[in-house]
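# Structure for the following, please:
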Amino acid sequence: MTFAELVRVLEGAGFRKLREKGSVRYYAKSGWPKLIRVDYHGSNEVPTGTCHAILKAAGLKDK
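Numbers count the residues shown, from 1 in each chain. Here you go, the predicted structure:
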């Protein structure tokens, strides 16, 4: 999965970009207590562990 695809998954789940500084983006969702941090690098592949951690923090993946 690329970073762009990961962002589309987050946005499809209702997350919106709250702020951005350099390549670091923070996503938030109404009713979700945590900010989701994504170090965005466009068409590069997201490392597997990083992808799982981001999806788990967003509540989109079980353990």
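# and the residue lying closest to Gly14 once chain neighbours are set aside, how many residues sit next to it?
Leaving aside its sequence neighbours, Gly14 sits nearest to Lys29 (C-beta to C-beta, 6 or more residues apart in numbering; 5.0 Å). (Glycine included, C-beta is placed from N, CA and C.) Neighbours of Lys29 under the rule other C-beta atoms under 10 Å: 18.
# what do you get for Gly14?
13.
# average pLDDT for the host helix or strand of Tyr26?
Under the criterion of DSSP states H and E, Tyr26 resides in strand 24-28. Averaging pLDDT along strand 24-28 gives 97.
# quick one: the residue nearest to Gly14 and Arg16 touch, right?
Yes. Judged on C-beta atoms under 8 Å, Lys29 makes contact with Arg16 at a distance of 7.1 Å.
# measure the residue lying closest to Glu20 once chain neighbours are set aside to Thr48 for me?
Closest residue to Glu20 apart from its sequence neighbours, by C-beta to C-beta, 6+ apart: Tyr26 at 7.3 Å. Distance, Tyr26 to Thr48, by C-beta to C-beta, to the nearest Å: 22 Å.
# Of these two, which one has the most company?
Per other C-beta under 10 Å, whichever of Tyr26 and Thr48 has more neighbours is Tyr26, with 14 against 9.
# For the more buried one, give me its contacts.
Applying C-beta atoms under 8 Å, 6 or more residues apart in numbering, we find Tyr26 in contact with Lys17, Leu18, Arg19, Glu20, Leu35, Ile36, Arg37, Val38.
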